[in-house]
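> for reference, the sequence and a predicted model appear below.
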Amino acid sequence: MQSNGATTISTNDRQNYCAALFSNCIKTKNLKLGRALHSHLIKTALFLDTFFANRLVQMYSKCNSMDCAQKAFDELPFKNARSWNLMISAHSQMGSFENARRLLDEMPEPNLVSYNSIISSFGRSGFYKKAISVFKGMQKWSQGDLLIDEFTFVSLTNACASLAALELLRQVHGVAVVMGLDFNVVVCNALVDAYGKCGVPESSYWIFSRMDEKDVVSWTSMLVAYASASRLEDACLIFNQMPVRNDVSWTALIKGSVQNGDGERALSLFRKMQNEAVIANDITYVSILSACADLALIGMGKQIHCRIIRIRSSSIFDNVFVVNALIDMYSKSGNMISSLRLFERLHGKDIVTWNSVITGFAQNGHGEASLSVFQKMIQENVRPNDVTFIGVLSACSHSGLESEALRLLDMMKKKFGLIPRSDHYAILVDLLGRKNRLKEALEVIEKAPSGSDHIGMWGALLATCRIHGNLELAKRAAEALFELEPKNTGRYVMLSNIYTTAGRWDDAHQVRRLIDNMDLKKEAGSSWIEVKNARHMFVAEDMFQSQVEDIRELLLNLVNQMKDAGCMHIEDPFYSEDNGVP
């Protein structure tokens, strides 16, 4: 409408235009534009409109200006349920849980949206017990009158799964059935995943098999449930039955294979994934690099590294998980130069990054370098965890630094409040034992907290007794191990060897007879090499290896050359035509 040459904009048009500007401001997080809109609302009295006042609160919170959002909320002439929920959600998403709980308590009539905001935010932040506590408070406050929706159930099942709270999960499941949500795809997917994480894949499958509608998340959740329970064959069966697979499905089975020690299967799946032109994601690469590290396939690992560089270029250092996997792979293959280069170029180091390098140096015999990285870590105010101390104690063990090891163990307890595990004590026992401080090593075991797993400690003591020929302590350590793990043949063999070395033939034969009487089988020794990205395994006394005759001939030639060179005195027990390849 025009009047006297001037254009008049209707109130409705002005409000629509203002609403559109708010939407754009929230989408782009343009705080400058938001402040201008705030000023306009005050001038035009639109601030009195609850809709625009709520949009103002939402705009400030989305722009991470919580002080302004709180001020705008406090100045609202009238607060409706959406006003309260916007502020509760904003504080929850920012991690200001105390403020969110305070607002929830002050809200005249909280609704499901109010509670869902806090429950889901607690869950996302890892405060699972608090999420469940809020839910129980909701039930108590509403006396069961507040209806629960799928968002509440998903948050609760995730919390139960993360806490491995199986009984509580079953209660939540029961409520879902009563509410008629047990056929909701989202709820069912969450339950399948949660039961899997609680170690009950049978319950996961019970729900999965009764779902009328399954999406790719349903199938993948069932696959992960089986893989987490070490039921790889069942996981593969689910995978093969999937009507549609995506990168998450492939990665789930690859990751499950690696976690269950089947790196060969993981590599085979990765090749099939490439052949089907499925693009790998970061988790895929992390898993496959772990497989290469476990199988000592350094050549394959380098190829994966090159592939990641081609795909991501310099952005490889944007993902700390991928870089950590590369550092771990190179460390386990003994290439600490490459590990250190990656470590130094990564800016967003986390505790896993530091631990990988510390442990890598320690495992490769560079104790001083490992301790140096640890000192740098402390200087940069990075708090170590129990894995860090496994690394530095191993470094002390490899370098024979028993005094430093004792100091670090004391630091672990007193400075960082960490409780040493049996792994830490076992390293200390090994270090003291190899220094022939066997009585002190025994004292460490005796003083270890009750309930600790003493197998590693007694095993370390037995091994060091073999070095120093201490028969009395060896017998005591072996007897403790026989009681803790009676089916471990290696312990019996070690005690027998200790007796043999000491010339105690009768005792050695007695232990051997014990092995026979218990029908224990010694696990055959094995080793492997990588040739053209393939791993070739060799097992002791394996007469069915395809090239066994060539290997026997080569080994015999090497033995003869060693004899001729006078390197060692060899009698036939080292190589016997009857025993085959030793």
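The structure has been received and is ready for your questions. A quick note: this is a predicted structure, and the numbers were derived from the prediction, not measured.

> alpha carbons only for contacts and neighbour counts from here, please
OK.

> quick check: can you list the domain ranges of this protein?
Listed by automatic domain parsing, the domain ranges of the chain are 349-417, 421-528, 541-582.

> how about the ones you listed, which one is nearest Ala19?
Ranking these by proximity to Ala19 (CA to CA) places domain 349-417 first, at 42.9 Å.

> any idea how far apart the tips of the closest one sit?
23 Å (CA to CA, to the nearest Å).

> cool, stretch 194-212 as well?
Using CA to CA, one end of stretch 194-212 lies 19 Å from the other.

> just the domains of the chain: most buried one?
Across these, averaging neighbours per residue (mean count of other CA atoms under 10 Å) puts domain 349-417 on top, at a mean of 19.

> averaged pLDDT, it. What do you get?
On average, the pLDDT along domain 349-417 is 95.

> now the domains of the chain as TSV including distance to Phe97?
Output for these, formatted as TSV (distance: least, CA to CA, whole Å):
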stretch	distance to Phe97
domain 349-417	24
domain 421-528	33
domain 541-582	63
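
> how about the ones you listed, which one is nearest Asn64?
Closest among the domains of the chain, using CA to CA: domain 349-417, at 25.4 Å.

> and that closest one, how far out from the chain middle?
Here the centre of domain 349-417 is set off from its chain's centre by 20 Å, with CA atoms, centre = their mean, to the nearest Å.

> and stretch 509-516, by the same measure?
A distance of 42 Å separates the centroid of the chain from that of stretch 509-516, by CA atoms, centre = their mean.

> next: stretch 67-87.
Per CA atoms, centre = their mean, the centroid offset for stretch 67-87 relative to its chain is 40 Å.

> what's the span of it from first residue to last?
By CA to CA, one end of stretch 67-87 lies 11 Å from the other end.

> for it, give me every contacting residue.
48, 50, 53-54, 56-61, 100, 103, 107, 109-111, 113-114, 117 (CA atoms under 8 Å, 6 or more residues apart in numbering).

> before we move on, what about stretch 235-250?
By CA under 8 Å, 6+ apart, the residues outside stretch 235-250 that reach it are 216, 219-220, 222-227, 253, 269-270, 273, 278-281.

> 7 Å instead, please
Val216, Trp219, Thr220, Leu223, Tyr226, Ala227, Met273, Val278, Ile279, Ala280, Asn281 (CA atoms under 7 Å, 6 or more residues apart in numbering).

> top of those residues by neighbour count?
Within the contacts of stretch 235-250, most neighbours by other CA atoms under 10 Å means Leu223, with 30 neighbours.

> how far away is that residue from Ser230?
Counting by CA to CA, the separation of Leu223 from Ser230 is 11 Å.

> same check on Asp294?
As defined by CA to CA, Asp294 lies at a distance of 18 Å from Ser230.

> from Glu479, how far out is Thr464?
Shown here: Thr464 relative to Glu479, a distance of 15 Å by CA to CA.

> the stretch 301-450 of the chain: helices as residue ranges?
Assigned by DSSP state H, counting those that start in this stretch, the stretch 301-450 of the chain shows helices spanning 320-332, 336-345, 351-363, 367-379, 386-399, 402-414, 422-434, 438-447.

> so which of the domains of the chain is nearest Arg170?
Proximity to Arg170 (CA to CA) singles out domain 421-528 among the domains of the chain, at 30.3 Å.

> what pLDDT, on average, does the closest one get?
Mean predicted confidence for domain 421-528 is 87.

> roughly how far is it from the heart of the chain?
With CA atoms, centre = their mean, you get 32 Å for domain 421-528.

> can you check stretch 286-306 too?
Distance of stretch 286-306 from the chain centroid (CA atoms, centre = their mean) equals 18 Å.

> begin at 35 from now on, thanks
Taking 35 as the first residue, the last one we looked at is stretch 320-340.

> can you give me the buried ones in that stretch?
Across stretch 320-340, burial judged by 16 or more other CA atoms under 10 Å covers 320-336, 338-339.

> equivalent analysis for stretch 114-124, please.
Ser117, Trp118, Asn119, Leu120, Met121, Ile122, Ser123, Ala124.

> just name the closest of these to Gly171, please.
Using CA to CA, the buried residues of stretch 114-124 come closest to Gly171 at Ile122, 16.1 Å.

> surely the closest one and Ala134 touch.
Yes - counting by CA atoms under 7 Å, Ile122 touches Ala134, with 4.8 Å between them.

> how close does Asp83 sit to Asn50?
The value you get for Asp83 to Asn50, if CA to CA is used, is 13 Å.

> re the thing from before, could the contacts of stretch 269-284 be laid out in JSON lines, adding distance to His543, secondary structure and pLDDT?
Output for these, formatted as JSON lines (distance: CA to CA, whole Å; DSSP: H, G, I helix; E, B strand; the rest coil; pLDDT from 0 to 100):
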{"residue": "Val250", "distance to His543": "60", "secondary structure": "helix", "pLDDT": "94"}
{"residue": "Trp253", "distance to His543": "56", "secondary structure": "helix", "pLDDT": "97"}
{"residue": "Thr254", "distance to His543": "54", "secondary structure": "helix", "pLDDT": "96"}
{"residue": "Leu257", "distance to His543": "50", "secondary structure": "helix", "pLDDT": "97"}
{"residue": "Tyr260", "distance to His543": "45", "secondary structure": "helix", "pLDDT": "97"}
{"residue": "Ala261", "distance to His543": "44", "secondary structure": "helix", "pLDDT": "95"}
{"residue": "Met307", "distance to His543": "54", "secondary structure": "helix", "pLDDT": "96"}
{"residue": "Val312", "distance to His543": "59", "secondary structure": "coil", "pLDDT": "94"}
{"residue": "Ile313", "distance to His543": "59", "secondary structure": "coil", "pLDDT": "93"}
{"residue": "Ala314", "distance to His543": "56", "secondary structure": "coil", "pLDDT": "93"}
{"residue": "Asn315", "distance to His543": "56", "secondary structure": "coil", "pLDDT": "93"}
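
> would you list these in a markdown table and tack on distance to Arg525?
Converted to a markdown table, these look like this (distance: CA to CA, whole Å):
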| residue | distance to Arg525 |
| --- | --- |
| Val250 | 48 |
| Trp253 | 44 |
| Thr254 | 42 |
| Leu257 | 38 |
| Tyr260 | 33 |
| Ala261 | 31 |
| Met307 | 43 |
| Val312 | 47 |
| Ile313 | 47 |
| Ala314 | 44 |
| Asn315 | 44 |
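
> which two in these are spaced the farthest apart?
Pairwise distances across those (CA to CA) peak at 24.0 Å, for the pair Tyr260 and Ile313.

> restricted to helices, list the contacts of stretch 101-121.
84, 87-88, 90-95, 134, 137, 147-148, 151 (DSSP state H).

> who's in contact with Val251?
Asn223.

> and it, that's in a helix?
Yes - under DSSP: H, G, I helix; E, B strand; the rest coil, Val251 falls within a helix.

> next one: it from Asn315, what distance?
Distance from Val251 to Asn315, by CA to CA: 17 Å.

> for Gly467, same thing?
Taking CA to CA as the measure, Gly467 falls 46 Å from Asn315.

> so where do the strands sit in the protein?
Remark: strands assigned in the chain by DSSP state E are 36-37, 40-41, 560-565, 568-573.

> pLDDT below threshold where in the stretch 35-184 of the chain?
The model of the stretch 35-184 of the chain has pLDDT under 70 over residues 35-48, 51, 81, 177-181.

> pull the number of nearby residues for Ser130.
14.

> so who does Leu472 touch?
Residues in contact with Leu472 (CA under 7 Å, 6+ apart) are Leu466.

> if you set the cut-off to 8 Å instead, what comes out?
If you count contacts by CA under 8 Å, 6+ apart, then Leu472 has Leu466, Leu495, Cys499 around it.

> repeat that for Val188.
Val220, Val221, Ala224.

> repeat the analysis, applying 10 Å as the threshold.
By CA atoms under 10 Å, 6 or more residues apart in numbering, the contact set of Val188 is Ser154, Gly157, Cys194, Val220, Val221, Cys222, Asn223, Ala224, Leu225, Ala228.

> okay then, goodbye and thanks.
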